[in-house]
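how would this look folded up:
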Amino acid sequence: MDLVAETVNTVVIGKGIIIGLGGLGPAIALGLMGAAYMNAVSRNPESAKFLSTLFIFVGMAEFFGIVAIGAFFILK
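Sure, this is the predicted structure:
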């Protein structure tokens, strides 16, 4: 009886992990940033003028998701 070992394609597993964590990380970051902003505005309504700063951090969080998608396509 011949036993043939099948190799596990680790690239497929790696791509799944990259897409999973690459989407999960920015989603958690956006939720935490939004909650912190709403908490700050509810405590001090005058701090609503710092919304542009929040958008900078949202852009940074989304950048990491875009980098993960780029890494997905680089892996072969």
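
buried set for the longest helix anywhere in the chain?
Identified as the longest helix of the chain according to DSSP state H is helix 10-43. By neighbour count on 16 or more other C-beta atoms under 10 Å, the buried set for helix 10-43 is 15, 18, 22, 26, 29, 33, 37, 41. Heads up, the C-betas are built off the backbone N, CA and C, glycines and all.

Other residues contacting the host helix or strand of residue 60?
Using DSSP states H and E, residue 60 sits within helix 51-74. With C-beta atoms under 8 Å, 6 or more residues apart in numbering as the test, helix 51-74 has contacts from 15, 18-19, 21-23, 25-26, 29-30, 33, 37.

Recalculate using a threshold of 6 Å.
Identification of contacts with helix 51-74 by C-beta atoms under 6 Å, 6 or more residues apart in numbering yields 15, 18-19, 22, 26, 29-30, 33, 37.

Need the residues you listed in TSV (columns: pLDDT).
Output for the contacts of helix 51-74, formatted as TSV (pLDDT from 0 to 100):
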residue	pLDDT
15	91
18	92
19	92
22	92
26	94
29	94
30	94
33	94
37	93
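
Can you pick out the most distant pair from these?
Among the contacts of helix 51-74, the pair separated by the greatest distance (C-beta to C-beta) is 15 and 37, at 33.3 Å.

And for the closest residue to residue 30 other than its chain neighbours, the neighbour number?
Leaving aside its sequence neighbours, residue 30 sits nearest to residue 61 (C-beta to C-beta, 6 or more residues apart in numbering; 5.8 Å). Residues near residue 61, counting by other C-beta atoms under 10 Å, number 17.

Can you give me the separation between residue 61 and residue 36?
Distance of residue 61 to residue 36, computed by C-beta to C-beta, to the nearest Å: 12 Å.
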